[in-house]
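Asks: Next one to model:
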Amino acid sequence: MQALYAVRFEVQSTRDPAQTYGRLRDHLVRWLGFSGGAQAPTKADLEQDGRAVLPEKPPGHGVRTLVWTVAGDGRTQALRVTVHQPLPDGEAHFVTRVTVSASDGGSGGLRVVMGREIPNGWIAPVQDPTLRRPHLVRAALADGELDMRVLGQRATGRYEKIRDGDHAAILTESLATSTRLPILLVHPRDDAGWATAARASEQLAGLAQVVTLNYLTAQAMQRVHTHVAVPNGGARLVWPNLSLGHPAYSRAEVCEQSFVDTTLMPSLAQLSVIARSGDTAWETARQASQRSAARRAADQLARAQASGNKTAELDVLRNRVQQLDEDARFWENTAQGYMDERDKAQTEATAAGNLRQERDTWKELYLELSAGGGTEAVTDPWSRIPTLSGDAVPTFDELTRVSEERIVFTPNAVRS
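Replies: All right, here's what the predicted structure looks like:
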């Protein structure tokens with residue numbers, strides 16, 4: 001599978017840590033059954049390995065093939081579910097892989113990976129599927145009894161409003177922290193801007209945090225971190241490393257209905273695959289299962305040898321060899337996946353280096369031209385507002401223009 005999107009949450013029940021795994025599994029069952037709209041495996045079915053064929057979702061996209069595997073030793077447990085669904089107009093399948101896990105301490109995890117594959121091995125063009133956050137993630141985030149975190153940061157699927165100087169100061173400190181998610185700063189000026197902030201916070205949960213600014217807090221941010229200033233009515237995506245370039249988006253871009261799906265999601269999803277590549281919870285549970293199986297086989301072999309039952313002894317040895325063969329194939333596939341991801345990361349790193357060189361070249365040209373006076377310095381439009389004096393009309397007119405007629409003065413105000 002070519003992974004295109006990956007999120008991983010640390011999860012714990014706020015009521016009873018021992019219920020974390022069961023509660024996540026309940027959400028998984030409802031998601032597979034389309035909230036009761038389709039037949040799906042039950043909780044009892046998911047207690048052991050299995051497979052099923054589910055109805056189309058949405059209609060016209062082909063039936064969903066579902067395979068699930070359980071691992072663990074009682075103290076550590078994990079359930080991995082893989083859903084295959086044909087993509088329209090091609091041989092490729094859209095694949096969603098979910099891992100629900102928990103340890104004996106009550107801490108759990110939810111990992112979701114989406115990608116595509118060509119199961120028959122044919123070489124043919126494959127469409128780029130539209131990536132949207134699975135409803136499973138939305139349901140888990142909306143569960144008031146689950147504490148969902150990414151890198152220790154609370155994940156809610158909602159944006160944070162930064163309205164005053166105190167909150168702006170906290171945000172500026174957070175921006176300087178490298179152990180955080182990317183932060184999307186949005187300066188909404190109309191309903192379309194607010195709609196984008198809401199959709200971004202929902203769809204990018206686990207990939208980025210979303211924060212909205214007003215004029216005052218945007219200016220406060222700019223005074224501390226000038227290179228991450230947010231365009232008026234626009235947005236800027238701030239990476240955890242402040243020394244990097246941080247993409248800015250104009251008001252027109254932010255107000256596009258498809259902005260989140262076509263601009264933000266593809267870039268963040270691609271990076272998430274590199275950052276969240278390993279399914280450590282599943283691998284830990286597999287190792288626990290293997291150790292448990294080894295202990296059981298050793299006990300069975302000892303009993304067979306003690307009783308002198310050669311037939312039972314041969315059965316134990318044969319079953320153990322089969323189990324080790326399966327384990328060997330699993331770890332070989334895991335190792336191959338890591339090697340493929342390493343090669344891809346090296347290729348992308350080379351491309352990124354080339355882009356940085358090209359950026360530096362263009363930046364030098366820009367600075368040379370700027371030094372020669374070829375460009376006009378960008379000024380804050382609010383700084384051009386005339387000081388209020390005996391004649392208030394120029395001040396009022398400029399305030400009306402800069403605020404895009406959101407501030408309007410009546411004739412009585414002018415006369416007074």
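Asks: can you give me the end-to-end distance of stretch 8-18?
Replies: 20 Å (Cα to Cα, to the nearest Å).
Asks: per-domain residue ranges of this protein.
Replies: 2-150, 157-269, 280-371, 381-415 (automatic domain parsing).
Asks: What segments of the stretch 151-300 of the chain are strands?
Replies: Shown for the stretch 151-300 of the chain, the strands assigned by DSSP state E, counting those that start in this stretch span residues 153-154, 160-162, 183-186, 209-213, 235-238, 248-249.
Asks: For those strands, please prepare JSON lines with the additional fields mean pLDDT and mean neighbour count.
Replies: Glycine gets a C-beta too; all of them are placed from N, C-alpha and C. Output for the strands of the stretch 151-300 of the chain, formatted as JSON lines (pLDDT from 0 to 100; neighbours: other Cβ atoms under 10 Å):
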{"stretch": "strand 153-154", "mean pLDDT": "91", "mean neighbour count": "12"}
{"stretch": "strand 160-162", "mean pLDDT": "95", "mean neighbour count": "17"}
{"stretch": "strand 183-186", "mean pLDDT": "96", "mean neighbour count": "26"}
{"stretch": "strand 209-213", "mean pLDDT": "96", "mean neighbour count": "25"}
{"stretch": "strand 235-238", "mean pLDDT": "95", "mean neighbour count": "24"}
{"stretch": "strand 248-249", "mean pLDDT": "94", "mean neighbour count": "19"}
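Asks: Can you tell me which of those strands is nearest to residue 120?
Replies: strand 235-238 (38.2 Å; Cβ to Cβ).
Asks: what residues are up against residue 180?
Replies: By Cβ atoms under 8 Å, 6 or more residues apart in numbering, the contact set of residue 180 is 151, 153, 174, 209, 240.
Asks: Spit out the contact partners of the second one.
Replies: The one in question is residue 153. 180-181, 209 are the contacts of residue 153 under Cβ under 8 Å, 6+ apart.
Asks: hang on, the earlier thing: can you pick out the most distant pair from the contacts of residue 180?
Replies: Across the contacts of residue 180 (Cβ to Cβ), the longest gap, 12.2 Å, separates 151 and 174.
Asks: Please report the distance of the spatially most central residue of the chain from residue 54.
Replies: Centroid-nearest residue in the chain, with Cα atoms, centre = their mean: residue 207, separated by 3.1 Å. Noted for residue 207: a distance of 27 Å to residue 54, by Cβ to Cβ, to the nearest Å.
Asks: same deal with residue 202?
Replies: Residue 202 is 25 Å from residue 54, by Cβ to Cβ.
Asks: do residue 276 as well
Replies: In terms of Cβ to Cβ, residue 276 sits 26 Å off from residue 54.
Asks: tell me which residues in the longest strand seen in the chain are buried?
Replies: When the chain is parsed with DSSP state E, its longest strand is strand 2-13. Buried residues in strand 2-13, defined by neighbour count with 16 or more other Cβ atoms under 10 Å: 3-13.
Asks: can you check stretch 162-179 too?
Replies: Buried residues in stretch 162-179 (16+ other Cβ under 10 Å): 162, 167-168, 171-172, 175.
Asks: Just the C-alphas of it, formatted as PDB.
Replies: Extracted C-alpha coordinates of stretch 162-179, given in PDB (Å, rounded to 0.1, in the frame of the first residue of the first chain):
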ATOM      1  CA  ILE A 162      -7.000  34.100  20.200                       C
ATOM      2  CA  ARG A 163      -8.800  37.400  21.100                       C
ATOM      3  CA  ASP A 164      -6.600  39.300  23.500                       C
ATOM      4  CA  GLY A 165      -3.000  40.100  24.300                       C
ATOM      5  CA  ASP A 166      -2.600  37.600  27.100                       C
ATOM      6  CA  HIS A 167      -3.700  34.700  24.800                       C
ATOM      7  CA  ALA A 168      -1.500  36.100  22.000                       C
ATOM      8  CA  ALA A 169       1.500  36.000  24.300                       C
ATOM      9  CA  ILE A 170       0.900  32.300  25.100                       C
ATOM     10  CA  LEU A 171       0.600  31.600  21.400                       C
ATOM     11  CA  THR A 172       3.800  33.300  20.600                       C
ATOM     12  CA  GLU A 173       5.600  31.100  23.200                       C
ATOM     13  CA  SER A 174       3.900  28.000  21.700                       C
ATOM     14  CA  LEU A 175       5.200  28.900  18.200                       C
ATOM     15  CA  ALA A 176       8.700  28.700  19.400                       C
ATOM     16  CA  THR A 177       8.200  25.200  20.700                       C
ATOM     17  CA  SER A 178       9.600  22.500  18.400                       C
ATOM     18  CA  THR A 179       7.700  19.600  19.900                       C
END
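Asks: contact partners of that stretch?
Replies: 151-152, 180, 183, 211-214, 216-217, 220-221, 224-225, 228, 238, 240-242.
Asks: what do you get if the cut-off is 10 Å, keeping everything else the same?
Replies: Stretch 162-179 is contacted by residues 151-153, 160-161, 180, 183, 185, 209, 211-214, 216-221, 223-225, 228, 238-242, 246 when judged by Cβ atoms under 10 Å, 6 or more residues apart in numbering.
Asks: what's the answer for stretch 49-65, then?
Replies: 32-34, 37-41, 45, 66-71, 79-88, 93-96, 119.
Asks: Most distant residue from the centre of this structure?
Replies: Largest centroid distance in the chain under Cα atoms, centre = their mean is residue 308 at 57.1 Å.
Asks: where do the helices sit along the chain?
Replies: Secondary structure of the chain (DSSP state H): helices at 20-32, 135-142, 165-175, 191-203, 215-224, 251-254, 259, 265-275, 280-307, 310-371, 393-402, 411-415.
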